[in-house]
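I'll drop the sequence and a predicted model, then ask my questions.
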Amino acid sequence: MFALTYQGPFDVRVERVPDPAIQEPDDVILRVTATAICGSDLHLYRGKMPAMEHGDILGHEFMGVVEEAGPAVTKVRKGDRVIVPFVIACGECFFCHRELYSACETTNPDRGALVHAKGIRSGAAFFGYSHLYGGIPGGQAEYVRVPKANVGPFKVPGSLADERVLFLTDILPTGYQAALNAGITRGSSVAIFGAGPVGLMTAACARLLGADTVFMVDRHPYRLEFAQATYGAIPLNIEKQDPAEEIIKATGRRGVDAVVDAVGFEAKGSPVETAMAWAKLEGGSSEAMRQCIAAVRRGGRVSVPGVYAGPLHAFPWGDAFEKGLSFAGGQTHVQKYLPDLLRHIGEGELQPDVIISHHLPLAEAARGYEIFSKKEDNCRKVVLTPAG
Ligand code: NAD
Ligand code: ZN
Ligand code: ZN
């Protein structure tokens, strides 16, 4: 089959690779019908993750049709059309019982290495996300092996087109978890930093939950304009204004009820330097985080879907303490939110596919990565379609 493989920083290629096969009784093999490129894939693409190997298959946002099911699979069967959460969870451990699926402690023995406290239990494996996250081949491919198929895949009604439901695999639940972590309810005010796919899905979910005022902060005018036109957000461009100052002025010198950091890790320097920083868990710039803490009101919430690694430089804990802030973040517990969000899509209350700017064949995936990474050609979100 053909699949998108990692060859090194800024070098991904569609290549012929062996077809995946059932390895465990509860695996399925999926024929991929649609897959998307995520901001999280950019961390890998830019060489920020140390545990990537030559030839690793990328991709954690994908859906398709079950081609083959292992003997222990009862949840889905051959021919079912399914979406697959990027988080691989067992459904049976301490954390899965608490619906903390991305903390599943049985699917990836290696993720404990990502925190300094030695001996801590690992979190879940993810598709196509380096050997720190389980080394599981991803779904930017014609076929993919899906482990834990009695937990992960969700059937979707045939009436909903692929692109309408595809973002249930990651960014829609991520935006929803971010909005819930921000404590958004009817009448809330929120400032979202980062108008990428995750920030946009957070804006959609903030509106769904009844947010009144939504500020959107970014440096790309085309992304800000889209957020304004689609979600009624008030745009703030970090290249032209100090977002926290503007937000404080516009909210009676209080600040917003909640802020969302949908930017995350932005280590500066060459891919090699940033990979080393990640490997040593040295973290990166905390510019977006500093702005968030400055823009939120006293007693407010700081919600962080953006991915960080290691300590952050110049993290203003004193301000956070003085303002009495609450923080929440982490990888998304996709399985927890997916059924509710699928219902909202079915009822027409959420239309996540409006953010798609590019449809490309899988064969042109490398170009998709390049334009999404460079924010060229007004790129917001790329969906790839395998041939056949
Ligand atoms: P993206 O790269 O398309 O979007 C990031 C946006 O942030 C860009 O538009 C960029 O211009 C903007 N930005 C950069 N610095 C900024 C600053 N200082 N202030 C305001 N905006 C700034 O990526 P995306 O797909 O939207 O993903 C965003 C983040 O969410 C990434 O870190 C990604 O890894 C993370 N993510 C987390 C989860 C999760 O489970 N928690 C899931 C998916 C993605
Ligand atoms: Zn993703
Ligand atoms: Zn588990």
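Received the coordinates, thanks. Ligands and ions are numbered 1, 2, ... in the order given.

which residues of the stretch 101-250 of the chain fall in strands?
Counting by DSSP state E, counting those that start in this stretch, the stretch 101-250 of the chain has strands at residues 125-126, 143-146, 154-155, 189-193, 213-218, 234-237.

wait, Thr213 touches Val256, no?
Yes. Using C-beta atoms under 8 Å, Thr213 is in contact with Val256, at 7.3 Å. C-beta here means a position set from N, CA and C on the backbone, and glycine is covered the same way.

so for the two, which residue has more residues nearby?
More neighbours surround Val256 than the other of Thr213 and Val256, with 27 against 18 (other C-beta atoms under 10 Å).

thought that one was touching Val214?
No. If you go by C-beta under 8 Å, Val256 and Val214 don't touch, sitting 9.2 Å apart.

find the residues that touch each one of those two.
Counting by C-beta atoms under 8 Å, 6 or more residues apart in numbering, the common neighbours of Val256 and Val214 are Ser189, Val190, Ala191.

which one of the strands of the stretch 101-250 of the chain is the most hemmed in?
Stretch with highest mean neighbour count among those: strand 189-193 (a mean of 30; mean count of other C-beta atoms under 10 Å).

quick one, that strand and strand 213-218 angle?
Inter-element angle recorded for strand 189-193 and strand 213-218: 10 degrees (by axes from the mean of the first three to the mean of the last three C-alpha atoms, to 10 degrees).

give me the mean pLDDT for strand 189-193.
Here strand 189-193 scores 98 as its mean pLDDT.

partners of that strand in the sheet?
Strand pairing for strand 189-193, using DSSP bridges, gives strand 213-218 (parallel), strand 256-261 (parallel).

Serialize those strands to CSV and add fields for distance to ligand 3 and mean pLDDT.
Formatted as CSV, these follow (distance: least, C-beta to the ion, whole Å; pLDDT from 0 to 100):
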stretch, distance to ligand 3, mean pLDDT
strand 213-218, 35, 98
strand 256-261, 27, 98
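
possible to save those strands as CSV with distance to ligand 1?
Shown next, in CSV, are the strands paired with strand 189-193 (distance: least, C-beta to the nearest ligand atom, whole Å):
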stretch, distance to ligand 1
strand 213-218, 4
strand 256-261, 8
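
which stretch among those comes nearest ligand 2?
With C-beta to the ion as the criterion, ligand 2 lies closest to strand 256-261 of the strands paired with strand 189-193, at 16.1 Å.

what's the closest one in contact with?
Outside strand 256-261, the residues that touch it by C-beta under 8 Å, 6+ apart are 178-179, 182-184, 188-194, 199, 202, 213, 215, 247, 288-289, 292-293, 295-297, 300-306, 329.

got the residues of the stretch 1-150 of the chain near ligand 1?
Counting by C-beta under 6 Å from any ligand atom, the stretch 1-150 of the chain comes close to ligand 1 at Cys38, Gly39, Ser40, Leu42, His43.

so who does the residue of the stretch 1-150 of the chain found nearest ligand 2 touch?
Residue nearest to ligand 2 within the stretch 1-150 of the chain: Cys38 (2.8 Å; C-beta to the ion). Cys38 makes contacts with His60, Glu61, Asp170, Ile171, Pro197, as judged by C-beta under 8 Å, 6+ apart.

near ligand 3, which residues of this structure?
Contacts of the chain with ligand 3, taken as C-beta under 5 Å from the ion, map to Ala89, Cys90, Cys93, Cys96, Cys104.

max pairwise distance over these: which two?
Greatest spatial distance among the residues of the chain next to ligand 3 (C-beta to C-beta): Ala89 and Cys93, at 8.2 Å.

common neighbours of the two, please.
Counting by C-beta under 8 Å, 6+ apart, the shared contacts of Ala89 and Cys93 are Cys104.
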